[in-house]
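Student: can't give you the sequence, but here's the structure:
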């Protein structure tokens, strides 16, 4: 093992980021906005296949603005994928609304259509129809939108697609982020591309993007002085950060290919062990952001043992997301399971995220694999 720490998914610069940052410095458009922000929004639109985009300080900010746009307020209900990062659902609490968590399906670990239908039937009976449904594309893989979208449409509820982890992934040839009424991306440091920190909202609804752009810039009215009639937020991405994003976007496809190569190498080398990898939807092509494996039930090896052993070798790995319905903050929220045993709970108890950075060398990956083989 090398002396340098191996991270789960570290930033990986292309080399062109400095060109766009230098342009920002030469024009003195360091902050807040500028050409890089405008161009980055245009380039993301072109890549994803949507008409409008809004660059923000984080993906969480994007979900917050989307909820506000759909009129979510105190006492309202919002359905959300259960197996996800807290950034997907914390904005529901920002709006003083009530999260309702939906279990994963075993086929993709994404939102279960069966559990979603159960939740809607409950909402009808209890007169607690949600204002929005947040569907997460987990670990870089698209949810099964042919199953999920018709259910939401039947009940007339808009969809916020949390594609924070899935830029570059597709479902039936269409890019993730383009399935919801509003889509969200994250450019946090460990994502497949980064702006050092940031996010993006995309939509074909021009009015939605205009309104969210207004809120994201402190709701400043279009007059010469500082006039405010609504609450606003300081959510815009800086021109320097957008320059990093432009350089990163140029190499996105090559990053997807490298991460797929890493995923296939893990499968090939560890196929004899009693483990499985995140199932791939036959209708989609993930971006392989993180390679995630689960240990078969009944074996004495636990994810925590693998995490600890890798840590001894200065290698970062992680448990899978802890389901939101199991979190102290959300323990009193409603939860709808796919079956009598929760899929998201099982993935959390049996799963581990392996180092998957696009800078990972063959030598480094071979040493990680040896550690896992040793434990079994």
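Tutor: Yep, that arrived. If you're wondering where the values come from, they're calculated on a predicted model, not measured in any experiment.
Student: Need the contact partners of the helix or strand containing residue 36.
Tutor: Here residue 36, judged by DSSP states H and E, is contained in helix 35-48. Helix 35-48 has contacts (Cβ atoms under 8 Å, 6 or more residues apart in numbering) with 20, 23-24, 27, 29, 51-55, 167, 175-178, 183, 185, 200, 202, 236-240, 242-243, 245-246, 249, 252. Where you see a C-beta, it was placed from the backbone N, CA and C, and this is true even at glycine.
Student: May I see the ChimeraX selection of the buried members of these?
Tutor: Buried residues within the contacts of helix 35-48, by 16 or more other Cβ atoms under 10 Å, are selected in ChimeraX with:
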select :20,23,24,29,52,53,54,55,167,175,176,177,178,183,185,200,202,236,237,238,239,240,242,243,245,246,249,252
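Student: Of the contacts of helix 35-48, which belong to helices?
Tutor: Among these, the members falling in helices (DSSP state H) are 20, 23, 24, 27, 239, 240, 242, 243, 245, 246, 249, 252.
Student: which residues does residue 117 contact?
Tutor: Residue 117 makes contact with residue 151, according to Cβ under 8 Å, 6+ apart.
Student: Give the full set of residues in contact with the spatially most central residue of the chain.
Tutor: With distances taken as Cα atoms, centre = their mean, residue 164 lies nearest the centre of the chain, 2.6 Å away. The contact partners of residue 164, by Cβ under 8 Å, 6+ apart, come to 59, 85, 87, 88, 136, 137, 184, 185, 186, 188, 191, 199.
Student: what about the first one, neighbour count?
Tutor: Think residue 59. By the measure other Cβ atoms under 10 Å, the count of residues near residue 59 is 27.
Student: Next, the contact list for it, please.
Tutor: Residue 59 neighbours (Cβ under 8 Å, 6+ apart): 87, 162, 164, 184, 185, 186, 187, 188, 199, 200.
Student: ok, and the closest non-adjacent residue to the second one?
Tutor: Leaving aside its sequence neighbours, residue 162 sits nearest to residue 136 (Cβ to Cβ, 6 or more residues apart in numbering; 4.4 Å).
Student: for that neighbour, phi and psi?
Tutor: Main-chain dihedrals, residue 136, degrees, to the nearest 10: phi -100, psi 140.
Student: What about it, how many residues nearby?
Tutor: For residue 136, the neighbour count with other Cβ under 10 Å is 29.
Student: Use 677 as the first number from now on
Tutor: Happy to do that; since the first residue is 677 now, the last one works out to residue 812.
Student: So it sits against residue 835, correct?
Tutor: No. Using Cβ atoms under 8 Å, residue 812 makes no contact with residue 835, being 11.3 Å away.
Student: export the contacts of residue 735 to a markdown table and tack on distance to residue 957?
Tutor: Shown next, in a markdown table, are these (distance: Cβ to Cβ, whole Å):
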| residue | distance to residue 957 |
| --- | --- |
| 763 | 23 |
| 838 | 17 |
| 840 | 18 |
| 860 | 20 |
| 861 | 20 |
| 862 | 21 |
| 863 | 24 |
| 864 | 24 |
| 875 | 24 |
| 876 | 24 |
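Student: between those residues, which is closest to residue 691?
Tutor: Nearest to residue 691 among those, counting by Cβ to Cβ, is residue 863 at 17.7 Å.
Student: picking up where we left off before, buried subset of the contacts of residue 840?
Tutor: Among the contacts of residue 840, those buried by neighbour count (16+ other Cβ under 10 Å) are 735, 761, 763, 764, 812, 813, 860, 861, 862, 864, 867, 875.
Student: What helix or strand is the closest residue in space to residue 866 that isn't next to it in sequence located in?
Tutor: In space, and not counting its chain neighbours, residue 866 is closest to residue 685: 4.4 Å by Cβ to Cβ, 6+ apart. Residue 685 is part of no helix or strand when elements are defined by DSSP H and E.
Student: again, but for the one 5 residues further on
Tutor: Residue 690 belongs to no helix or strand when assigned by DSSP H and E.
Student: Per-residue confidence, it, what does it come out as?
Tutor: Looking at residue 690, its pLDDT is 91.
Student: do residue 679 as well
Tutor: With respect to pLDDT, residue 679 has a value of 55.
Student: pLDDT and distance to residue 742 for the ones in helices among the contacts of helix 711-724 - can I get that in TSV?
Tutor: Below are the ones in helices among the contacts of helix 711-724 laid out as TSV (pLDDT from 0 to 100; distance: Cβ to Cβ, whole Å):
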residue	pLDDT	distance to residue 742
696	93	27
699	90	31
700	89	28
703	88	31
915	95	24
916	95	25
918	96	20
919	96	25
921	97	20
922	97	24
925	97	22
928	97	23
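Student: Now tabulate those in TSV and tack on distance to residue 995.
Tutor: Below are the ones in helices among the contacts of helix 711-724 laid out as TSV (distance: Cβ to Cβ, whole Å):
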residue	distance to residue 995
696	36
699	41
700	38
703	45
915	37
916	34
918	33
919	34
921	29
922	34
925	30
928	27
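Student: what two of those have the greatest distance between them?
Tutor: So, the ones in helices among the contacts of helix 711-724 by Cβ to Cβ: farthest apart are 703 and 928, at 25.3 Å.
Student: circling back: can you tell me which of the ones in helices among the contacts of helix 711-724 is nearest residue 997?
Tutor: Nearest to residue 997 among these is residue 928, at 23.4 Å by Cβ to Cβ.
Student: my guess is the closest one meets residue 844, correct?
Tutor: Yes. Proximity of residue 928 to residue 844 meets the contact threshold set by Cβ under 8 Å, at 5.3 Å.
Student: between these two, what contacts are shared?
Tutor: Counting by Cβ under 8 Å, 6+ apart, the common neighbours of residue 928 and residue 844 are residue 868.
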